[in-house]
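Peer 1: what follows is a protein structure lacking sequence information:
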């Protein structure tokens, strides 16, 4: 369990040499301002549950005539934002942003964030609910692809599964 705490808090980078890359000052500043492990877990769970409830509530409210799709788009987007913020409690905001911009996740991150913004624009300002629904679907696909990048060989397995189905 201690190893898991060290890895999730960014204290164990898997290398034996430590901070040979010159980022020691930034890492020490980050460690000095971090939350306790219990507080991190509480923040993660609260944000994750809020995100899940928001997405489920948005899906339930989808069927309200007239405004249902706009409410769904907003609550679904808020749910995805909460899910992203929840992982920041586990590994810290700077490490989260570094991993989001890593080369294997950069495209999925960019598509997910652009679709999130476009979903809100389509639902709230443009009042084009078909476009909002399309952006929600693209947001889901991009968020799923982003999440799969954290599981070793998961993307390859999904691609192989879809190629077998075709």
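Peer 2: Perfect, I can see it now. Owing to the predicted nature of the structure, the values given are computational and were not obtained by experimental measurement.
Peer 1: neighbours of residue 64, just the number please.
Peer 2: 12 (other Cβ atoms under 10 Å). For every residue, glycine as well, the C-beta is placed using N, CA and C.
Peer 1: again with the one 10 residues further on
Peer 2: Counted with other Cβ under 10 Å, the burial measure for residue 74 works out to 18 neighbours.
Peer 1: what's the closest non-adjacent residue to it?
Peer 2: The spatial neighbour of residue 74 that comes closest, neighbours along the chain excluded (Cβ to Cβ, 6 or more residues apart in numbering), is residue 123 at 6.0 Å.
Peer 1: now for the chain, the helix or strand with the poorest mean pLDDT.
Peer 2: When the helices and strands of the chain are scored by mean pLDDT, DSSP states H and E, helix 24-32 comes last with a mean of 55.
Peer 1: after that one, next one along is what?
Peer 2: helix 37-60 (DSSP states H and E).
Peer 1: give the rounded mean pLDDT of that next one.
Peer 2: If you average the pLDDT over helix 37-60, you get 92.
Peer 1: what's the first helix or strand after it?
Peer 2: Following helix 37-60 in sequence, per DSSP H and E, is helix 68-91.
Peer 1: packing partners of that following helix?
Peer 2: Here helix 68-91 touches helix 37-60, helix 93-100, helix 106-120, helix 129-148, going by 3 or more Cβ pairs under 8 Å, 6 or more residues apart in numbering; DSSP states H and E.
Peer 1: give me the angle between it and helix 129-148.
Peer 2: 20 degrees (axes from the mean of the first three to the mean of the last three Cα atoms, to 10 degrees).
Peer 1: from the middle of its chain, how far away would helix 68-91 be?
Peer 2: 8 Å (Cα atoms, centre = their mean, to the nearest Å).
Peer 1: when you compare where that helix runs with where helix 37-60 runs, what's the angle?
Peer 2: Going by the same axes, to 10 degrees, helix 68-91 makes 170 degrees with helix 37-60.
Peer 1: mind listing what's buried along helix 68-91?
Peer 2: 69-91 (16 or more other Cβ atoms under 10 Å).
Peer 1: what's around the residue nearest to residue 74, how many residues?
Peer 2: Residues contacting residue 123 under the criterion other Cβ under 10 Å number 25.
Peer 1: which pLDDT value goes with it?
Peer 2: pLDDT, read off for residue 123, is 89.
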